[in-house]
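*Asks:* Structure for the following, please:
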Amino acid sequence: MENTQKTALVVGATGITGSNLAEELIAQGWTTYGLSRNPNENIPGLRSIKADLLDENSLIEVLADLSPTHIYFTTWMRNDTEEENIRINSALVRNLLNVLSLKKSVQHVALVTGLKHYLGPFEAYVQNGILPETPVREEHPRLPLPNFYYAQEDEIYKASERDGFTWSIHRPHTVVGYAVGNLMNIAATLAVYASICKETGRKFIWPGSEAQWNGVSDITDAKILAKQLVWASDTGAAKNQAFNITNGDVFRWKWLWKRLADWFDIEAEGFSGTIRSLEKELENDQETWEAIAEKYSLKENRLSRLSSAWHTDLDLGRPLEVMCDMSKSRNLGFTAYKSTEDSFTEVFERLRAENIIP
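*Replies:* I've put the predicted structure just below:
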């Protein structure tokens, strides 16, 4: 039955987080709109809106007949510097909330950020030597570094005071889920890498740091993140709070890496004393992937559409073990759980079923 009281607007409905969230909302009976620059037409029941968040006039036009009650920000735009990240990504949030302010329909706004909240912007925690105490907890103070997550949060806090809506902030670890063409997709990246290893006889080489190889880690399944987003916007005690969100299990990559290699029936090679960049490993493999795509009649022959090795390198190359404390939302009643190995293998199975990998 359609939930007529709640109308969700998912900002970034084409990404891993946004598409899985849209599916969860629709499954729970919400009227769900997806806003993006290139709309997602693959989700049954999702009402797509094409808009540019940096153009307030375009937003006024496309949202003229829409009065959403719940806003979910699941997207950001990557720029060359953190200062530019701050300028652009705070504008995405500010512009939309300014346009919707006049309608007075918004009851709750949820923002998805991530562990850069605790670690600093990409690579900054390495350069600055700022290593947080782990497991990271929501009450950790902000770092004295420029960070676009902080700027986005501040836009939401300001608009909340002005318009009276509640908010929630969600901080996933590395998000694992199905979405093709997403710029930060570790599962698709590793699936493509493993497929190349299988076809060429290469070893599945660990690209990251010793700390990540040996340390305790966790990840966030996109479906678990989606469940927390809906839970927080529907649970009184969760309003106006920030939450870590992970699967609920912990693992070491030195265990999981071999399990992932076994799934593809290839040979794994672990940490050998130095970081071996996956971006460098794959930099000359476009022709290899074209040949694989032709041989197996795959849907996509452009490696760059499937693999985001730069992001996987950043995640797996951290100089410290990183895991999240999940006590806060657990204490408030959020109990969803997922096995991390299942998170990866379910994406691999779907990529194979959809003819993305052989």
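*Asks:* center of this structure, which residue is that?
*Replies:* By CA atoms, centre = their mean, the chain has its centre lying nearest to Val175, at 4.4 Å.
*Asks:* Need the three-state assignment for the residue lying closest to Leu278 once chain neighbours are set aside.
*Replies:* For Leu278, ignoring the flanking residues on the chain, the nearest one in space by CB to CB, 6 or more residues apart in numbering is Pro207 at 3.8 Å. Quick note: C-beta positions are derived from backbone N, CA and C, even for glycine. Secondary structure, DSSP: H, G, I helix; E, B strand; the rest coil: Pro207 is coil.
*Asks:* Got phi/psi on Pro207?
*Replies:* When quoted as degrees, to the nearest 10, the phi and psi of Pro207 stand at phi -90, psi 0.
*Asks:* any idea how far Cys197 is from the residue nearest to the centre of the chain?
*Replies:* 24 Å (CB to CB, to the nearest Å).
*Asks:* swap in Lys103?
*Replies:* 52 Å.
*Asks:* Test for you: state the pLDDT assigned to the residue nearest to Trp289 when sequence neighbours are not counted.
*Replies:* Ranked by CB to CB, 6+ apart and with sequence neighbours excluded, the top spatial neighbour of Trp289 is Leu303, at 4.5 Å. Listed pLDDT for Leu303 reads 95.
*Asks:* What count of nearby residues applies to Leu303?
*Replies:* Using other CB atoms under 10 Å, Leu303 has 22 other residues around it.
*Asks:* thought it was touching Asp285?
*Replies:* Yes - assessed by CB atoms under 8 Å, Leu303 is found in contact with Asp285 at 6.1 Å.
*Asks:* Thr14 touches Lys50, doesn't it?
*Replies:* No - assessed by CB under 8 Å, Thr14 is found out of contact with Lys50, at 10.7 Å.
*Asks:* who touches both of those two?
*Replies:* Residues within reach of Thr14 and of Lys50 at once, by CB atoms under 8 Å, 6 or more residues apart in numbering, are Ser36, Asn38, Pro39.
*Asks:* returning to that earlier point: pick out whichever of Thr14 and Lys50 has more residues nearby.
*Replies:* Set side by side, Thr14 and Lys50 show more neighbours around Thr14, with 25 against 12, by other CB under 10 Å.
*Asks:* still on that earlier bit, correct me, but the residue nearest to the centre of the chain touches Leu21?
*Replies:* No - counting by CB under 8 Å, no contact exists between Val175 and Leu21, whose distance comes to 11.1 Å.
*Asks:* shared neighbours, the two?
*Replies:* Ala222, Leu225.
*Asks:* list the contacts for the closest residue to Glu23 other than its chain neighbours?
*Replies:* Leaving aside its chain neighbours, Glu23 sits nearest to Ile43 (6.0 Å; criterion: CB to CB, 6+ apart). Listed by CB under 8 Å, 6+ apart, the contact partners of Ile43 are Ala13, Ser19, Ala22, Glu23, Ile26, Gly34.
*Asks:* now do Val10
*Replies:* Gly18, Leu21, Ala22, Leu25, Thr32, Tyr33, Gly34, Leu35, Leu46, Tyr72, Thr74.
*Asks:* Identify each buried residue in the helix or strand containing it, please.
*Replies:* In this assignment (DSSP states H and E), Val10 forms part of strand 3-11. Buried residues in strand 3-11, counting neighbours by 16 or more other CB atoms under 10 Å, are found at Lys6, Thr7, Ala8, Leu9, Val10, Val11.
*Asks:* on that earlier part again, among the shared contacts of Thr14 and Lys50, name the buried ones.
*Replies:* Ser36, Pro39.
*Asks:* So which of the shared contacts of Thr14 and Lys50 is the closest to Gly215?
*Replies:* Closest approach between those and Gly215, by CB to CB: Ser36, at 35.5 Å.
*Asks:* Would you map the strands across the chain?
*Replies:* Using DSSP state E, the strands of the chain run over 3-11, 30-36, 47-50, 70-73, 108-112, 166-172, 175-176, 204-205, 216-217, 220-221, 241-245, 251-252, 268-269.
*Asks:* Many thanks, have a good one.
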